[in-house]
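Peer 1: Sequence first, predicted coordinates after that:
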Amino acid sequence: MADPVVELEPATAAVEPGGQTRVVVTVINEGTIVEGYRVEVLDDMAGAGPGVAGPASWSEVLSAEGGDAGAPDTPDVTVYPGQQQSVVVVFSPPVGTKAPGGRCAFAIRVSSVVDADTSTVVEGDLEVGKVSALQAKVVPVTSKGRWHGRHVVELSNWGNTPVRLTVAAEDPDRALGFLVQPETVELPVGATAPVRLRVRTRHPRLRGPATRLPFTVRARPADRAPGTAPTVVPGLPPGTLPEPDTATVDGAFTQKSIVTTGTAIGAGLAVVGVAALTAYGFSLRGGSGETFEELGVPDTPEITVEAQGPDTVRVSWPPVENIEGYKLYTVDAEGVRSGEPVAVDPDVGAMTVADLEPEQEYCFSLVAVRGEINSPGSATQCAQTEEAVAAPTTEDGASETSEETSVDPGRGTTEPEATTDVPPTDPTAEETGGETATDEPGETTAGEPTGPTVPTVPPPPPVDGPPFEAGEWAAVLVTFPAEGSAGEFAANQRVDALGAEGVAALAVATDEYPDLGFAQQGWLVVMDDGFASAAEATQACQDVQAALPALVPFCDPPVQPVAASAGQPG
């Protein structure tokens, strides 16, 4: 017996969910006897997932014989030798998530009712219309706080096509900063995914009534850039109609004032206590009030210079009492100064000089400053940088960074007590201070090359109550091992920069949490949120690092600031 010849018209058809389309199957009998044939629709959707059905499930063969199309021995079409007959196949994809959107392949098999091995298969394609049905819900709708609030946005895909969404939040008055985790979500058909949203006020209010600040969360396709023009209908204002492929939900943050009645009373008592302690301290000193000029010439500093790598040396010194600061000079081996000095804060006891050449000798001298009087320069000390070693690379080609040194693009290498970089050789090169993140775009501060910049805005006040509960993990974004004002200033400056980008962070002194077990006390910049496990804290830090690599070069291991139970350090 000869296999039948089968033709499909059209080979590619289009249909919308809930609609119908028809395909004509023509069967030609090239045999010598009258032949009856069965017509079947096949697809390859067996592994598409639960609840997803292909063309074989929502198709119907209209038998030319008028018999039962489901009976295995009843032919759908009878063809005489050398003749041809046609059968109509109707495709009716259902509405909802059962019929996948986009190109969907199918096949038509025509087989003999007498001999099942006598058959022919032809293939075709259906273009099923894509249906976008996204839904978003925010819980809670309104959060309250002095500094920040927390929300969870639940996204659901009730369409017939998997989507990849970019989630972003905005407020009409630009009074809030947002941290969305994760920013990109993959949503299969019929799936629901949660997105964490942190809302932080840009302008804390000292006193006054609570203020409600509304915001909007939008989840739009990742391949469509934000700002794309919304759907517009003549006669209606722009934005009146919702975007069909975008899920939108509204929420609000109720900002409370910082100072309450109890806080004001406590602050007044604290001021009185500080004034009393200050008066008592002056009484113990016997009323001595010598000025810098009366103290005379400050002591000559003593410095130590050590190589820290192929492009970095560290200059350290014991403190000199009763001074306004230091001046660090770059000198040659004979002690001859070159270039302008770098001013150093009196509380700083060491400084890292970066961007040096490998295997080169660099020399320095330090001067203590008291009023208008300078001490004699310290004895010249030199060190030779180490040999350059190629840094290992990751799979994507990026250089790996040691966890013991925090590298911040635009600021150079930050050692435990360092606050700035010293230009080693070129006295005419302009020094550019690090950018200070602000709430309003375009505001920058440029300074003369006189060393570290003193912040004009105090660090943000602490959050309400203890920031972490017992057993919670904290995500460590940056580590500053320096003690005193140097570490505190650097940590608070990084907190300000992260806050300007919508990341809520805290500066934490390690001596306030002895359970951490740090051998050297210093400061940590951690996310203003506790996590149930170390894995969640690590993932949160990696999300911020991916979004802000300039502020978070790498993620330190998470810590437990508060012990899980008495006698068990975190």
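Peer 2: That came through, no problem.
Peer 1: Give me the mean pLDDT for stretch 84-101.
Peer 2: Mean per-residue pLDDT for stretch 84-101: 84.
Peer 1: Pull out the buried residues from that stretch.
Peer 2: By neighbour count on 16 or more other Cβ atoms under 10 Å, the buried set for stretch 84-101 is 84-85, 87, 89, 91, 93, 96-101. Where C-beta positions appear, they are placed from N, C-alpha and C, glycine not excepted.
Peer 1: For the protein, just list every one of the helices.
Peer 2: Taking DSSP state H, the helices of the chain run over residues 261-284, 292-295, 484-500, 534-547.
Peer 1: Take those and lay them out in a markdown table including distance to residue 372, mean pLDDT and mean neighbour count.
Peer 2: What follows is the helices of the chain, written out as a markdown table (distance: least, Cβ to Cβ, whole Å; pLDDT from 0 to 100; neighbours: other Cβ atoms under 10 Å):
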| stretch | distance to residue 372 | mean pLDDT | mean neighbour count |
| --- | --- | --- | --- |
| helix 261-284 | 25 | 72 | 10 |
| helix 292-295 | 7 | 65 | 12 |
| helix 484-500 | 24 | 82 | 22 |
| helix 534-547 | 46 | 90 | 18 |
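Peer 1: Nearest to residue 117, out of these?
Peer 2: Ranking the helices of the chain by their distance to residue 117 (criterion: Cβ to Cβ) puts helix 534-547 first, at 57.0 Å.
Peer 1: Off-centre distance for that closest one?
Peer 2: Centre-to-centre, helix 534-547 and its host chain are 8 Å apart (Cα atoms, centre = their mean, to the nearest Å).
Peer 1: List of residues touching it?
Peer 2: Contact with helix 534-547 is made by 179, 181-183, 473-477, 498, 501, 503, 527, 529, 531, 552-558, as judged by Cβ atoms under 8 Å, 6 or more residues apart in numbering.
Peer 1: Please repeat the previous calculation with a cut-off of 7 Å.
Peer 2: 181-182, 473-477, 503, 527, 531, 552, 554-555, 558 (Cβ atoms under 7 Å, 6 or more residues apart in numbering).
Peer 1: what stretches of the chain score poorly on pLDDT?
Peer 2: Within the chain, the ranges that satisfy pLDDT under 70 run 46-51, 64-73, 224-244, 260-264, 279-294, 390-467, 481-486, 514-521, 563-570.
Peer 1: Mind checking which of the buried residues of stretch 84-101 are in strands?
Peer 2: Taking DSSP state E, the ones among the buried residues of stretch 84-101 that sit in strands are 84-85, 87, 89, 91.
Peer 1: Now do residue 532 against residue 556, distance only.
Peer 2: Distance, residue 532 to residue 556, using Cβ to Cβ, to the nearest Å: 19 Å.
Peer 1: the more surrounded of the two?
Peer 2: Using other Cβ atoms under 10 Å, the more surrounded residue of residue 532 and residue 556 is residue 556, with 19 against 10.
Peer 1: What's opposite the closest residue to that one other than its chain neighbours in the beta bridge?
Peer 2: With Cβ to Cβ, 6 or more residues apart in numbering as the criterion, residue 556 has its nearest non-adjacent residue at 4.0 Å, and that residue is residue 476. Beta bridges link residue 476 to residue 526 when assigned by DSSP bridges.
Peer 1: ok now stretch 85-92, how far from the chain's centre?
Peer 2: Counting by Cα atoms, centre = their mean, stretch 85-92 comes out at 53 Å from the chain centroid.
Peer 1: I should have written stretch 252-261 there, sorry.
Peer 2: 27 Å.
Peer 1: One more: stretch 378-394?
Peer 2: On Cα atoms, centre = their mean, the centre of stretch 378-394 falls 33 Å from that of its chain.
Peer 1: can you pull the buried residues of it?
Peer 2: Buried residues in stretch 378-394, counted by 16+ other Cβ under 10 Å: 378, 380-381, 383, 385.
Peer 1: Kindly report the same for stretch 212-221.
Peer 2: Neighbour-count burial for stretch 212-221 flags 213, 215, 217-221 (criterion: 16+ other Cβ under 10 Å).
Peer 1: of these, closest to residue 16?
Peer 2: Closest approach to residue 16 among the buried residues of stretch 212-221 (Cβ to Cβ): residue 221, at 19.9 Å.
Peer 1: which residues touch the closest residue to that closest one other than its chain neighbours?
Peer 2: Leaving aside its sequence neighbours, residue 221 sits nearest to residue 245 (Cβ to Cβ, 6+ apart; 5.6 Å). For residue 245, the contacting residues are 132, 134, 220-221, by Cβ under 7 Å, 6+ apart.
Peer 1: As TSV, the residues you listed with distance to residue 542 would be great.
Peer 2: Below are these laid out as TSV (distance: Cβ to Cβ, whole Å):
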residue	distance to residue 542
132	31
134	27
220	24
221	24
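Peer 1: what's the most distant pair in those residues?
Peer 2: 132 and 220 (10.5 Å).
Peer 1: Quick check: the gap between residue 275 and residue 206.
Peer 2: From residue 275 over to residue 206 (counting by Cβ to Cβ), the distance is 22 Å.
Peer 1: cool, and residue 7?
Peer 2: Noted for residue 7: a distance of 82 Å to residue 206, by Cβ to Cβ.
Peer 1: Neighbour count for those two, which is higher?
Peer 2: When neighbours are counted by other Cβ under 10 Å, residue 7 and residue 206 differ, and residue 7 comes out ahead with 14 against 9.
Peer 1: Name the nearest residue to the more buried one, sequence neighbours excluded.
Peer 2: Nearest non-adjacent residue to residue 7, counting by Cβ to Cβ, 6+ apart: residue 26, 4.3 Å away.
Peer 1: beta partners of that neighbour?
Peer 2: So, taking DSSP bridges as the rule, residue 26 has residue 7, residue 86 as bridge partners.
Peer 1: my read: it touches residue 37, true?
Peer 2: No: counting by Cβ atoms under 7 Å, residue 26 stays clear of residue 37, with 11.3 Å between them.
Peer 1: Show me which of those two is the more surrounded one.
Peer 2: residue 37 (26 against 17).
Peer 1: Quick one: residues contacting the more buried one.
Peer 2: By Cβ under 7 Å, 6+ apart, the contact set of residue 37 is 4, 27, 75-77, 79, 110-113.
Peer 1: which one among those gets closest to residue 372?
Peer 2: residue 110 (104.3 Å).
Peer 1: and that closest one, how many neighbours does it have?
Peer 2: 25.
Peer 1: Relative to residue 549, how far out is the residue nearest to residue 221?
Peer 2: 30 Å.
Peer 1: Then residue 300?
Peer 2: Counting by Cβ to Cβ, the gap from residue 300 to residue 549 is 43 Å.
Peer 1: What of residue 540?
Peer 2: Using Cβ to Cβ, residue 540 is found at 15 Å from residue 549.
Peer 1: starting at the chain centroid, how far to stretch 101-109?
Peer 2: On Cα atoms, centre = their mean, the centre of stretch 101-109 falls 40 Å from that of its chain.
Peer 1: Ok, stretch 346-359 next?
Peer 2: 31 Å.
Peer 1: got the contact list for residue 101?
Peer 2: With contact set as Cβ under 7 Å, 6+ apart, residue 101 has these partners: 128-131, 160-161.
Peer 1: will you turn those into CSV that also has neighbour count and distance to residue 22?
Peer 2: As requested, those are arranged in CSV below (neighbours: other Cβ atoms under 10 Å; distance: Cβ to Cβ, whole Å):
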residue, neighbour count, distance to residue 22
128, 25, 15
129, 16, 16
130, 15, 21
131, 20, 21
160, 25, 21
161, 19, 24
